[in-house]
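Trainee: Predicted model, plus sequence, below.
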There are 2 protein chains.
Amino acid sequence: MHLNKLLFVFILSSCLSLACVQAKVHYHKWDITYQYKSPDCFNKLAITINGQTPGPTIYASQGDTIVVEVKNSLLTENTAIHWHGIRQIGTPWMDGTEGVTQCPILPGDTFTYRFVVDRPGTYIYHSHYGMQRSAGLNGMIVVKVPEGFPEPFTYDREYNILLNDWWHNSTNDQAAGLLMPENQFKFVGEPQSLLMNGRGRFNCSLAANGNCNASYIECAPLTLTVVPGKTYLLRIASITSLSALNFEIEGHSLTVVEADSHYVDPFVVKNLNIYSGETYSVILKADQDPIRNYWLASNVVGRKPGTPTGTGLLNYYGIPRGRHPPTAPPTGPLWNNTYYRMQQSWATRAHPNFIEPPPVKSDRVIILLNTQNRIDGITRWSLNNVSHDLPHTPYLIALKNNLHHVFEQKPPPETYDIKNYDINVPPPNRNATRSTSIYKLEFGSVVDVILQNANTLTANNSETHPWHLHGHDFWVLGSGLGKFDPETDPKNYNLKDPILKNNVALQTSGWTAIRFKANNPGVWAFHCHIESHFFMGMGIVFEEGVDRLGKLPNSIMGCGKSKLGN
Amino acid sequence: MHLNKLLFVFILSSCLSLACVQAKVHYHKWDITYQYKSPDCFNKLAITINGQTPGPTIYASQGDTIVVEVKNSLLTENTAIHWHGIRQIGTPWMDGTEGVTQCPILPGDTFTYRFVVDRPGTYIYHSHYGMQRSAGLNGMIVVKVPEGFPEPFTYDREYNILLNDWWHNSTNDQAAGLLMPENQFKFVGEPQSLLMNGRGRFNCSLAANGNCNASYIECAPLTLTVVPGKTYLLRIASITSLSALNFEIEGHSLTVVEADSHYVDPFVVKNLNIYSGETYSVILKADQDPIRNYWLASNVVGRKPGTPTGTGLLNYYGIPRGRHPPTAPPTGPLWNNTYYRMQQSWATRAHPNFIEPPPVKSDRVIILLNTQNRIDGITRWSLNNVSHDLPHTPYLIALKNNLHHVFEQKPPPETYDIKNYDINVPPPNRNATRSTSIYKLEFGSVVDVILQNANTLTANNSETHPWHLHGHDFWVLGSGLGKFDPETDPKNYNLKDPILKNNVALQTSGWTAIRFKANNPGVWAFHCHIESHFFMGMGIVFEEGVDRLGKLPNSIMGCGKSKLGN
């Protein structure tokens, strides 16, 4: 494939003073194709951007506009790209969420995404269609603070680290397995490898045919070179399909300074728990003995690990880059120490100088019981016993054009039977409803969502769910183990300095409470960021202020009831 | 997956006399899904119809209407179904050719095909999108003569035999291999197995993991039970992706009575050469010693075979069904005996009682040099050095709605440099043009097309190309080895009793001449029926009388410039 990446930078606003901020437009041309790639030394088809997986990192400064012309050169598959963490204020049709904000981009078609990055920080992009994210269609967005605007921390240089998990079978294989009836149900299973910036290391002796070669340059380990005594900002993002991860740099502590692009009251960790869809910035000081290299290590947590530690190298300048440390890579904390991971969540609070206080009360509380169910023999995930299906005509088009018949109009339930439901046993009613229904929010209202975890269909099992909200940041008011009590738990909400995030973990058998303002006109998905869980219905959709939007762009149309002549 | 096949039969026309013909409407509901299947004992994902590959056989009688509601339950892939051999008179938008007659059917969408089968015979259906046909999305259509209308042959019972070749890698893998640049180019390679009615037999000892099991019921061999002395009509169709086949029933001669649904002046063969997209009916008499079973055998011809003989069983009633014959399966004629195969073509002439004489002269002659080329490092197939690309807005929509900018308006070349081009060496100019241009035909005119084969990019190599025309039958006027001579060869055209077909082989280093009337308003593909060759540009498109068509159905829209608001 020809790499026709193109990057022009235009200066939009002329400048009248030296201190002014210049908003720029960054143009990118992407060609989406299947290519044989070997991220973990095993050669397989991946979905690539300009031949790469992960795709190229997008760089911009706060206030800039990003334009990405996405040409779909897949053969029979559509696609759509979501800009994860970007709120798309005023451009809800650019959110890239197939079925919610746009029709998919057909093979041969080019869709131009254009949006403003209004906040500095670290973001992700990825396909939001089927399970294509898992096939390699993902990457990072780095939005810098404007020149001359100080950050509440200092560093000499920065590095990006995109964490992922990786499978050797195709997403078609995975999806077919998930859709099998109960008696043949195939779990996606554990990933074969953990990747850092698209590089991992599968044990090729386990590969049957000649598809694996440890000397492929594509699977050379990620190596970060540091100069002794210098300080580094590491922008760490997780785009895993399944795994909750723990990231560690052997022998070095990390100071957490940013979470989901919001400044954090700094705190020090030995290692960082990071869930799919989250981004963190940490400060690393190269303060260890510089006569050797040190391991970067990524380990599965929250679920019994079936995947070897993902590794990279922290290379002290002067030491040969590829030289392995004399030690074994860190294996991370105990995978099932939920309390350890909750401590990190509780420590993640807004930086004192950057507190945006939440409204003291909410207008509406939606409580979502997270259960695994079985509908017509197919395993699904549900919220309050409703398993979500995407409509064929995207909600944004349907709502704006008053196509009421293309999705279920009856609203989904606001809560579950809190009093009687036992979250520690498999659901007594394994059945659930599949529905395309959505939550309509009063524009400008304040909404609380309580995520309540529960036992899956398997006895003594509960899974971690990283929940991601499109179009908004939310305040993380609290979380705990066990069942949320609507009477007592809200009294302990952190209303003083809660962190704003767009992604938050719901721990096994626990609950998490968030609050947000419904002030961004559009239609927004809120879902578990585990690729297979959303695919199996684990999400809801919010609508707010669609009547305030102007004409929708023609480019998002074409599917369902949005064909020419409708 | 739930099999929700539904078949209703409605009587359309009431009947005023006993001899009248009742036109019926046959309703089918199809759900297209990926399923794990084991056609040749190797378990892999296939694209299925209601869980089956091949899909269900559609039965109808001449004049009936077939309605198929196709629900696309693939996850990220579109589809479109072509009704191969059905001329779609008055319904060109139901031809199912993505990019030509319709936009693809998106995941979650249901497209209703509705068309009349106006001629009795044997037809095929298959995906006409990307290389999905190869993934299993295909099947047969049998259109019977109306009750009481005699056929020019008799038989006691009939059987259908759908021949195919089968690969173990995915079509994504195959396509990615074909799109690789010259230095990494991967041919699709030879198929792993040959199938009869979706049943073959891979040598499981060659399969690396536990994915292959010779005892899977899905790969039990096709077994046709016959009663000694009885006569059988075998409807044989080939839906191969690549292979030209030779079909033989050990020890039995076959009388060819029909080709592409046209009656043939009967002739007897020891075995039948059949190219992808062709259908034949042959008469088999169960006249051999009934104390044993006999092999059905399918062998690759026209290309050095790299695939074992595909086998089935002719079971004489009374002999155990599964009992193998005491002999080895027939291995077919010499694969490179082109003359042997041409003899069959020459013998295939219209039945004396059913001759539809061709017009004695044509209004236009288009000569198409078939070459393999390399464009920007990618291997392609070309006609007169033009390699065809499908536009993103289907031609039918573009032409009817006057969207002139969505495809190349300059017409493609009518001929090549006949005088100087040496068809026996690789093309001196390996480059070619990629174009979406089409041939516009005067409505009602008579068109000759001369297909001229040539050497591929490999020295001393020419490949067989089975050419298929949509929307029409054509007369096969002649064929020969070497270079067609426009002065002398037309003098030897068979204008007396040429067979009408919709699919014809262009033999290695040979030529084939056809004639048809451009009298079916619509836009029609004419292409090599080898899945990968069409994918690589080996086709052209004819337009005729689109101005005579009424409003196009909304259901074919949605892609390119046919979105809501365009």
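Mentor: Thanks, I have it. Numbers count the residues shown, from 1 in each chain, chains lettered A, B, ... in the order given.
Trainee: okay, CA-based contacts and neighbour counts for the rest of this
Mentor: Fine.
Trainee: wait, does the helix or strand harbouring A:Thr48 contact chain B?
Mentor: Remark: A:Thr48 resides in strand A:44-49, with elements defined by DSSP states H and E. Yes: with Cα under 8 Å from any Cα of the partner chain as the criterion, chain B is reached by strand A:44-49 at A:Leu45.
Trainee: Stretch A:381-400 too?
Mentor: Yes: contact of stretch A:381-400 with chain B (Cα under 8 Å from any Cα) involves A:His392.
Trainee: Quick check: mean pLDDT of that stretch?
Mentor: Across stretch A:381-400, pLDDT averages out at 97.
Trainee: From the chain's centroid, how far away is that stretch?
Mentor: 20 Å (Cα atoms, centre = their mean, to the nearest Å).
Trainee: Report the buried residues of that stretch.
Mentor: For stretch A:381-400, the buried set under the neighbour-count rule, 16 or more other Cα atoms under 10 Å in any protein chain shown, comprises A:381-400.
Trainee: How about stretch A:536-547?
Mentor: Buried-residue list, stretch A:536-547, by 16+ other Cα under 10 Å: A:Met536, A:Gly537, A:Met538, A:Gly539, A:Ile540, A:Val541, A:Phe542, A:Glu543, A:Glu544, A:Gly545, A:Val546.
Trainee: now do stretch A:400-415
Mentor: So for stretch A:400-415, counting by 16+ other Cα under 10 Å, buried means A:Lys400, A:Val406, A:Phe407, A:Pro412, A:Pro413, A:Thr415.
Trainee: could you check the distance from the nearest residue to the first one once chain neighbours are set aside over to A:His470?
Mentor: For A:Lys400, the nearest residue in space outside its immediate sequence neighbours is A:Val546; the separation is 6.4 Å by Cα to Cα, 6 or more residues apart in numbering or on different chains. The spacing between A:Val546 and A:His470, counted by Cα to Cα, to the nearest Å, is 15 Å.
Trainee: Then A:Asn384?
Mentor: 20 Å.
Trainee: Between the buried residues of stretch A:400-415, which sits nearest chain B?
Mentor: Chain B has its nearest neighbour among those in A:Val406, at 11.7 Å by Cα to the nearest Cα.
Trainee: Which residues does the longest helix seen in chain A contact?
Mentor: Using DSSP state H to define each element, chain A has its longest helix at helix A:338-347. Helix A:338-347 is contacted from outside by A:Phe267, A:Asn273, A:Gly302, A:Gly478, A:Ser479, A:Gly480, A:Gln507, A:Thr508, using Cα atoms under 8 Å, 6 or more residues apart in numbering or on different chains.
Trainee: what's the average pLDDT for it?
Mentor: According to the model, helix A:338-347 has a mean pLDDT of 97.
Trainee: got it, and stretch A:94-106?
Mentor: For stretch A:94-106, the per-residue pLDDT averages 98.
Trainee: near chain B, anything from it?
Mentor: Yes: Stretch A:94-106 lies within reach of chain B by Cα under 8 Å from any Cα, at A:Leu106.
Trainee: hey, which helix or strand in chain A has the poorest pLDDT?
Mentor: strand A:8-11 (a mean of 42; mean pLDDT, DSSP states H and E).
Trainee: Low-confidence ranges, the stretch 1-150 of chain A, go.
Mentor: A:1-21 (pLDDT under 70).
Trainee: Name the nearest residue to the residue of the stretch 351-500 of chain A found nearest chain B, ignoring sequence neighbours.
Mentor: Distance from chain B to each residue of the stretch 351-500 of chain A (Cα to the nearest Cα) is smallest for A:His392, at 6.0 Å. Distances taken as Cα to Cα, 6+ apart place A:Gly560 nearest to A:His392, at 5.2 Å, with adjacent residues excluded.
Trainee: didn't the one you found look like it was pressed against B:Asp109?
Mentor: Yes: with contact defined as Cα atoms under 8 Å, A:Gly560 reaches B:Asp109; the gap is 6.7 Å.
Trainee: which neighbours do the two share?
Mentor: A:His392.
Trainee: Which elements pack onto the helix or strand where A:His26 lies?
Mentor: Per DSSP H and E: A:His26 is located in strand A:24-37. Contacts defined by 3 or more Cα pairs under 8 Å, 6 or more residues apart in numbering or on different chains; DSSP states H and E place strand A:24-37 against strand A:8-11, strand A:44-49, strand A:65-72, helix B:171-178.
Trainee: Compare those and give me the one nearest A:Leu222.
Mentor: Checking the helices and strands packed on strand A:24-37 against A:Leu222 by Cα to Cα gives strand A:44-49 as the closest, at 19.0 Å.
Trainee: Report the inter-axis angle for the closest one versus helix A:171-178.
Mentor: If you take axes from the mean of the first three to the mean of the last three Cα atoms, to 10 degrees, strand A:44-49 sits at 110 degrees to helix A:171-178.
Trainee: Past strand A:44-49, which element shows up next along the chain?
Mentor: Remark: after strand A:44-49, the chain's next helix or strand is strand A:58-61, criterion DSSP H and E.
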